[in-house]
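Trainee: Test case, fold it:
(4 chains)
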Protein chains: 2
Amino acid sequence: MADQSSKKATIYDLSVLSGASASTVSAVLNGTWQKRRISADTADRILSLAKAQRYTTNLQARGLRSSKSGLVGLLVPVYDNRFFSSMAQTFEGQARARGLSPMVVSGRRDPEEERRTVETLIAYSIDALFIAGVTDPDGVHQVCARAGLPHVNIDLPGKLASSVISDNRGGAQVLTEAILRHAAQGGMLSPDDVVLFGGHDDHASRERITGFHAAKNAFFGVESGDDIEITGYSPRMTELAFERFYARESRLPRCLFINSSINFEGLLRFMGRHDGEAFGDIVVGCFDYDPFASFLPFPVYMAKPNASEMLKRGFELLEAAPERPVLQMIEPQLILPRTALVGPLDDIRDPVAPSKSFDQRHG
Amino acid sequence: MADQSSKKATIYDLSVLSGASASTVSAVLNGTWQKRRISADTADRILSLAKAQRYTTNLQARGLRSSKSGLVGLLVPVYDNRFFSSMAQTFEGQARARGLSPMVVSGRRDPEEERRTVETLIAYSIDALFIAGVTDPDGVHQVCARAGLPHVNIDLPGKLASSVISDNRGGAQVLTEAILRHAAQGGMLSPDDVVLFGGHDDHASRERITGFHAAKNAFFGVESGDDIEITGYSPRMTELAFERFYARESRLPRCLFINSSINFEGLLRFMGRHDGEAFGDIVVGCFDYDPFASFLPFPVYMAKPNASEMLKRGFELLEAAPERPVLQMIEPQLILPRTALVGPLDDIRDPVAPSKSFDQRHG
DNA sequence: TGTTATTGCACCATCGATTGTGCAAAAAGG
DNA sequence: CCTTTTTGCACAATCGATGGTGCAATAACA
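Mentor: Alright, predicted model coming up:
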């Protein structure tokens, strides 16, 4: 009500209105007034003035002066799959809880774009960066290092900065064991029935392949090779890999390890093109979690990386700022078929009040 | 190589190194040097110096001075479903293409948090805001208006600012017709077999309910009521609604209209708790698109809002800045069961080179 | 050669906050 | 009553970039 012009009030406006100096106003508003021995009277007066004028700090000005912006970045390759979007959601919550402003950006798996994007973030003086699923971690690291920007790698290892990663090998092994066990119930299994699709030459894929082979070799008692279809992280390439396999073998492998939900979409596209055919006898293990994928018309085992825990560790590492880069490993969770987990969505306040039956069931 | 200290170079550093004044350096670096009649020689010299020193503009300083930050915000309720995460992905691309820095934030469907979040964005002097799926559009609008911040509503109507929305009524009608037609093939259908789950008292839900009823009434030739289960946008509430229905009727409705993929997750949770039972005879229509949902073991028709087009129109509206708020309507797309669409992911450069068979198939 | 135009750039205030320092007035101590 | 301490605040520099203005040096013209 007290604002006449539509311009935003500054400390100078409040200074004039209150009769105090701008530095006093500033101290009152940023909470350092006790340290500066401003009287409680003056502080109260200024605070209520600020409220009446709807004052809000210009964070660009503050950031410029104090070279702290209050922004934390999260760099993901892409948003639109459940893994990264759920990570973004969790990140936002954790950043806000620490009084920081989250800024999520995507590098689109292009080393050049990744660097440019990080440069931009740095140009806004972000205070810290979480790097998740980038193509060229060390390139990004160098950009950060030059700018003196604290950063951690999430779910991918970097030699140059601390990292929190999933146990890809162990997770893949457990996942592979699960699908082997399940598929074996459907009849005799041969090593050729068990194929991995997706990934490329990155750390996570290599580890998962190792885990996959470990489980497979243990199961069959023989070394097996030629069971990996590298497709990158692209639905289209994965679809083509499935088409090739199908053209060659006239069927899908009975037991499929799929490297990520993005690759899984490639399988969906393949299936969409083969509409009449049933693929009821396949068993899929996917290193990722998506609730809808879990209910597909064939058994889908999933390994869910613990994004929430990884981010939490990431924040801790940033605060601790260890001398030398450390690497922490977090276990992914094996998710059985037909499982719809609760997620970050469930933390949000519900606009519809809990009903009676809610209390009855969960009381 | 030329950077000794780890501090970032400023125009003053370049000024000293080049012998030119800071204002000259500034003009050269921001491209206004022709207007300021700086010689090409000087400009070249400064530009190569800047490159050598890895100079990048401090965008906080620029923003402070010019009260333009280059930031555009997108406010979504939550990230982690395909609709909003895909919207975020598209938004990022479109913003970058316009030379802007996208900032995606979530308001978590809490009016208070929505306002706070927008206040924060304003404090960073963002230049424009896209508001998508907020609980209290007009509250957010007032915050924007006070700050003189240009903004548009995406996929939700607001009386106070321009909006680009989906044709919820028409889309729902088409979707309902599709599931009715499909379900009718499975035998005689009664109005009681056709139920809508999800939504609450917001514009989109009301419109969808209207479209749902229009299609249903046309199909059965009678007015039908008591076929709406309001659950909010919460998986848990939706799950409970299904449980209640199931407890009452000992079955699911044969023909289900689900208001959004978030509500659909509630159905998954219900199904996860009823593991042995088959729900093979149901037909689902969901006002949202998710590729995995499209391949579930029952027919799933989906209506996909055209986020990309809505955002494009949003940018256009911001540029045109019409006198009075306008409202534009975009048709959603009906997606048949077992369809895996290409999406923003397919625009990104693929790290794995196209193989021979790729060329063969698409050549 | 003298005068006007043009070129090429430097100077300086400014955006809105933060923070080290200094200095009166009031309070405390002797 | 005089000195020392404490209280309460104002002043001014600063963060890095922008853009209006002014002023030499050079070029163009008569």
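
Trainee: residue closest to the middle of chain A?
Mentor: A:Met87 (3.1 Å; Cα atoms, centre = their mean).

Trainee: A:Gln328 looks like it's in a strand, true?
Mentor: Yes: when classified by DSSP: H, G, I helix; E, B strand; the rest coil, A:Gln328 is found to be part of a strand.

Trainee: Quick check: beta-bridge partners of it?
Mentor: Beta bridges link A:Gln328 to A:Val164, judged by DSSP bridges.

Trainee: residues in contact with it?
Mentor: By Cβ atoms under 8 Å, 6 or more residues apart in numbering or on different chains, the contact set of A:Gln328 is A:Ser162, A:Ser163, A:Val164, A:Ile165, A:Arg313, A:Leu317. Quick note: C-beta positions are derived from backbone N, CA and C, even for glycine.

Trainee: Next secondary structure element downstream of whichever strand or helix holds A:Ile262?
Mentor: Element membership for A:Ile262, per DSSP states H and E: helix A:261-273. Using DSSP H and E, the next helix or strand after helix A:261-273 towards the C-terminus is strand A:283-286.

Trainee: when you scan that following strand, is anything in it near chain B?
Mentor: No: counting by Cβ under 8 Å from any Cβ of the partner chain, chain B is not contacted by strand A:283-286; separation bottoms out at 10.3 Å.

Trainee: Partner strands of that strand and their direction?
Mentor: Sheet pairing for strand A:283-286, using DSSP bridges, gives strand A:255-258 (parallel), strand A:300-304 (parallel).

Trainee: between those strands, which one is nearest to B:Glu223?
Mentor: When the strands paired with strand A:283-286 are ranked by distance to B:Glu223, counting by Cβ to Cβ, first place goes to strand A:300-304 at 42.1 Å.

Trainee: what mean pLDDT would you report for that closest one?
Mentor: Averaging pLDDT along strand A:300-304 yields 98.

Trainee: Helix or strand next in line after that strand, which one?
Mentor: Going down the chain from strand A:300-304, the next helix or strand is helix A:307-320, by DSSP H and E.

Trainee: helices or strands next to that following helix in the packing?
Mentor: The contact analysis (3 or more Cβ pairs under 8 Å, 6 or more residues apart in numbering or on different chains; DSSP states H and E) places helix A:307-320 against helix A:82-97, strand A:128-132, strand A:151-154, strand A:163-166, strand A:327-330.

Trainee: With mean pLDDT added, can I get these in CSV?
Mentor: As requested, the helices and strands packed on helix A:307-320 are exported to CSV (pLDDT from 0 to 100):
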stretch, mean pLDDT
helix A:82-97, 94
strand A:128-132, 96
strand A:151-154, 96
strand A:163-166, 96
strand A:327-330, 97
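
Trainee: Out of those, which one sits most buried?
Mentor: strand A:151-154 (a mean of 27; mean count of other Cβ atoms under 10 Å in any protein chain shown).

Trainee: That one - contacts with which helices or strands?
Mentor: Secondary-structure packing of strand A:151-154 (3+ Cβ pairs under 8 Å, 6+ apart): strand A:128-132, helix A:137-147, strand A:163-166, helix A:307-320.

Trainee: Need the contact partners of the third one.
Mentor: Identification of contacts with strand A:163-166 by Cβ under 8 Å, 6+ apart yields A:152-157, A:203-204, A:305-306, A:310, A:313-314, A:317, A:325-332.

Trainee: Which SSE is immediately downstream of it?
Mentor: Once the chain leaves strand A:163-166, the next helix or strand it forms, by DSSP H and E, is helix A:168-184.

Trainee: Tell me what angle the helix or strand harbouring A:Met103 forms with strand A:128-132.
Mentor: A:Met103 belongs to strand A:101-106 when assigned by DSSP H and E. Computed by axes from the mean of the first three to the mean of the last three Cα atoms, to 10 degrees, the angle separating strand A:101-106 from strand A:128-132 equals 30 degrees.

Trainee: if I look at the residue in the stretch 251-363 of chain A positioned nearest to DNA strand C, how far off is B:Phe279?
Mentor: Using Cβ to the nearest atom of the strand, A:Glu319 is the residue of the stretch 251-363 of chain A that sits closest to DNA strand C, at 19.0 Å. Per Cβ to Cβ, to the nearest Å, A:Glu319 is found 48 Å from B:Phe279.

Trainee: quick one: which of the two has more around it?
Mentor: B:Phe279 (17 against 10; other Cβ atoms under 10 Å in any protein chain shown).

Trainee: Spell out the secondary structure type for the closest residue to the more buried one other than its chain neighbours.
Mentor: Sequence neighbours aside, B:Leu252 is the residue nearest to B:Phe279 in space, at 5.8 Å (criterion: Cβ to Cβ, 6 or more residues apart in numbering or on different chains). State at B:Leu252, reduced to three classes by three-state DSSP: coil.

Trainee: Please look at B:Leu252 and B:Phe245 and confirm they touch.
Mentor: Yes: counting by Cβ atoms under 8 Å, B:Leu252 does reach B:Phe245; the two are 6.9 Å apart.

Trainee: Neighbour count for the two, which is higher?
Mentor: Between B:Leu252 and B:Phe245, B:Leu252 has the larger neighbour count (other Cβ under 10 Å), namely 23 against 18.

Trainee: Enumerate every residue touching the more buried one.
Mentor: The contact partners of B:Leu252, by Cβ under 8 Å, 6+ apart, come to B:Phe242, B:Phe245, B:Tyr246, B:Phe279, B:Ile282.

Trainee: So chain A: which segments form each domain?
Mentor: Here the domain parsing of chain A from the TED database is A:11-57, A:66-161, A:168-305.

Trainee: how about the ones you listed in TSV, adding distance to DNA strand D?
Mentor: Shown next, in TSV, are the domains of chain A (distance: least, Cβ to the nearest atom of the strand, whole Å):
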stretch	distance to DNA strand D
domain A:11-57	3
domain A:66-161	6
domain A:168-305	35
